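1. could you look at this predicted model? Sequence included:
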Amino acid sequence: MPDHDLHLTGSAHRTEEFVRLLGQTRRYRFAYLMSLMNHRDNVEEVLQETDLVLWRKFDDFELGTNFTAWSCRVAFNQMRAWRQKQARSRLHFSDEFLSTVASELDTRTERYNQRLELLQACVNSLPDRHKSLIRQRYTDGDKIESIASRTGRSLDAIYRMLSRVRDTLRDCVTRKLEAGIDV
Amino acid sequence: MKPQDDDARFRDLRDAFLDGRLKEDEASELESLTMASEKRVREFSEVAGLHGELCLLGIEGRDSLASNEPENQTTNASSTGQKVALAVGLTATLLVALGLWKTSPVRTSADNTFAVLETTVECLWQTSTIPLIEGQRLGEARLQLASGFASLRFDNQTQVNLEGPAELHIIDAMHCRLASGTVVVTVRDGMRGFVVDTPNGRLTDQGTSFGVSVKPAGEAMVEVFDGKVDLEVRETGQTQRLTERSSAWLLPQQILPPSDYNVPNDTDFRQMTQIITAQGLGADQWIQRDPNERKGPEDLLLVKKSDELHEFDRQIRLRFDLRGLENQPIQLGSLQLTATPSGLGFASRTPDSTFSVYGRTLDPDTDLAPLTATPWIAPPIDNSDWSLVHRFVIPKGVQSGAHVIESPQLVELLRRSQNGIIELLIVRDTQETLGGGLVHAFASSRHETLPGPTLRIWQSLDNNATNQSPNKD
């Protein structure tokens, strides 16, 4: 996400600019951390810490550079610090693995809002039952067990369907991005 | 294992991670399989990235549905607009925590709520900075519950039950301040760091359910039902961790077990005196900036701040004669004002309004000018004569009801003037946002049915009692 028009003159203006940048880019940090941690409550904790650190370090931010990328580096470090504090964390990916994945995710900061709009369009174009599955899983936050019981399908069947739908959506977004399609 | 088998296993584990069912020993296997191939690293990152984006869209979709409830239809915006509002709203939480929010011009356009008033039972609200009905979304707010029970649910699933009488200041999604009364706090599993400040110190939740009761002199009784709570005494920095089914008193200088502290029984050693502006040398009056334009009912006390027509600005002056008070130490004091419609201006053209109360002492032996002859005092009121006693808020649309003002500064002023006269000046800090805004009014001492401005002063019957500030906020 390009940052522009950074002409800060006073502390009030600087604060205003911080608010604007933080607000504009928080969605990206959320999705970025969800990609790495996959636990909403934990992500919210790390996000809160990240926001505070971003404010404290805002003076270090080089104006005119990419705030989204900078804030994601801060978020990544906060995630690492959080992991170190979580002795009971169930999943222990190595820092090396997470760094590798995070580097790949960094490439997604370009055209991020467009990507999200394309993803929404791809979800809308899914067959009804797939669309319903995505809604139940991601909007309603239903557990797989509930979805399986409601639809009369096995757990494995729901897991497989989710996997297929995600792959479909990934292909759909990639195709649209490559074709330069705008929503 | 063949590469295609590896690919299949990689995808199984990748999806298990995304669906939250990856086992601990499988995490390292997923990591090894992924790192063994650049293609898999890319694929894992893409699918995980997409999963994160779906989570984001899902949450925004949920919030969007919530904001489309009928009572919020006027705030509906485009999908993109709502997403931006959400992001700014989340940011607001941070800024409140940082104390920056008040200076931010973004406030008016942001949805800075983070909790909902879920349940109310027989609630009588004394004062609040927002209208209070079930389902009301809440951001930063001050709630004064005279009686009843109210349950707040934060978006982070923290439950705060308020038991009246109580006064709670919700500061942000992780922080509130209990000035008096009782709350019970329950946070969801896995969350830590929810803070409740009390007059004597801070409680920091470490994953738990606990109750806290702040008594009139500020001491807090803390009881942990489940989990842990960290206590910190503000003055001394002493800390203590309370665990499940334990309790303690949070006092001005220390933390004590329940068996080592007895709550002073207020009624045993205090007497209350009520003083009205019609007593002795007391008086009340409203002053208009331009006396030539002065118009309005004389049995009311009017206050207003215009956006353009400043000649219609009004302020209130109160004078109380304290010479009849006993010599015993003053322990507490409050000022009650009774709001009533003025019939002037339109409430719908006036936002939530903040009022400042300033005070000064007067020597009863000097000639006191009648209040009708006192001149307009132009803000900012920062000369050494007047000092700020308190600020309070009247929500938009509220024109009736009692407002009780209590603060350590008021007690201090009363103590300085125990055998003299005090004068209070009430101004509205909030200016109307549109012309034709409301003129706020309170009953004067000349009102036929409503009580005029009333000071209540509690004194110790025991001369040896400590002259301690109530330290309520």
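-> That came through, no problem.
2. quick check: closest non-adjacent residue to the most centrally placed residue in chain A.
-> Centroid-nearest residue in chain A, with CA atoms, centre = their mean: residue A:31, separated by 0.9 Å. Spatially, and ignoring its direct neighbours in sequence, residue A:31 is nearest to residue B:52 (3.7 Å; CB to CB, 6 or more residues apart in numbering or on different chains). C-beta coordinates here come from the backbone N, C-alpha and C atoms, glycine included.
3. the one you found: neighbour count?
-> 25 (other CB atoms under 10 Å in any protein chain shown).
4. I'd say it and residue A:39 touch.
-> No: assessed by CB atoms under 8 Å, residue B:52 is found out of contact with residue A:39, at 11.5 Å.
5. can you give me the helices in the chain?
-> No chain specified, so I'll use chain A. Under the criterion DSSP state H, helices of chain A are mapped to A:11-37, A:40-56, A:67-85, A:95-106, A:112-124, A:128-134, A:144-151, A:155-179.
6. other chain: chain B
-> Counting by DSSP H, the helices of chain B are B:3-18, B:24-35, B:38-67, B:79-98, B:266-269, B:408-416.
7. who are the packing partners of the last one?
-> Identification of packing neighbours for helix B:408-416 by 3 or more CB pairs under 8 Å, 6 or more residues apart in numbering or on different chains; DSSP states H and E yields strand B:330-339, strand B:353-362, strand B:387-394.
8. for residue B:18, see how far away residue A:168 is.
-> The gap separating residue A:168 from residue B:18 is 14 Å, by CB to CB, to the nearest Å.
9. out of those two, name the residue with the larger neighbour count.
-> A direct count of neighbours by other CB under 10 Å for residue A:168 and residue B:18 places residue B:18 higher, at 24 against 16.
10. what about the closest residue to residue A:72 other than its chain neighbours, how many residues nearby?
-> Using CB to CB, 6+ apart and skipping the chain neighbours, the partner closest in space to residue A:72 is residue A:32 (5.4 Å). Using other CB under 10 Å, residue A:32 has 30 neighbouring residues.
11. now the helices of chain A in JSON lines, with mean pLDDT?
-> Formatted as JSON lines, these follow (pLDDT from 0 to 100):
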{"stretch": "helix A:11-37", "mean pLDDT": "80"}
{"stretch": "helix A:40-56", "mean pLDDT": "83"}
{"stretch": "helix A:67-85", "mean pLDDT": "86"}
{"stretch": "helix A:95-106", "mean pLDDT": "85"}
{"stretch": "helix A:112-124", "mean pLDDT": "86"}
{"stretch": "helix A:128-134", "mean pLDDT": "88"}
{"stretch": "helix A:144-151", "mean pLDDT": "82"}
{"stretch": "helix A:155-179", "mean pLDDT": "90"}
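12. among those helices, show me which one is buried the most.
-> helix A:11-37 (a mean of 22; mean count of other CB atoms under 10 Å in any protein chain shown).
13. could you check which residue of the stretch 351-473 of chain B lies nearest chain A?
-> Of all residues in the stretch 351-473 of chain B, residue B:380 sits closest to chain A, at 18.9 Å by CB to the nearest CB.
14. who are the contact partners of that residue?
-> Contact analysis of residue B:380 by CB atoms under 8 Å, 6 or more residues apart in numbering or on different chains lists nothing.
15. one more: residue A:148?
-> Per CB under 8 Å, 6+ apart, neighbours of residue A:148: A:154-155, A:157-158.
16. measure the closest residue in space to residue B:215 that isn't next to it in sequence to residue B:225 for me?
-> Nearest non-adjacent residue to residue B:215, counting by CB to CB, 6+ apart: residue B:263, 5.8 Å away. Between residue B:263 and residue B:225 the computed distance is 21 Å (CB to CB).
17. which one's more surrounded, these two?
-> More crowded of residue B:263 and residue B:225, by other CB under 10 Å: residue B:225, with 16 against 12.
18. looking at the more buried one now. What's its pLDDT?
-> In this prediction, residue B:225 carries a pLDDT score of 90.
19. close enough to count as contact, it and residue B:187?
-> No: with contact defined as CB under 8 Å, residue B:225 does not reach residue B:187; the gap is 11.8 Å.
20. any shared contact partners between those two?
-> By CB under 8 Å, 6+ apart, the residues touching both residue B:225 and residue B:187 are B:208-209.
21. would you check how far apart the residue nearest to residue B:215 and chain A are?
-> 36 Å (CB to the nearest CB, to the nearest Å).
22. doesn't residue B:213 make contact with that residue?
-> No: counting by CB under 8 Å, residue B:263 does not reach residue B:213; the two are 9.8 Å apart.
23. quickly list what's touching both of these two.
-> With CB under 8 Å, 6+ apart, residue B:263 and residue B:213 have no common neighbours.
24. which residues touch residue B:251?
-> Contacts of residue B:251 by CB under 8 Å, 6+ apart are B:200, B:219, B:233, B:261.
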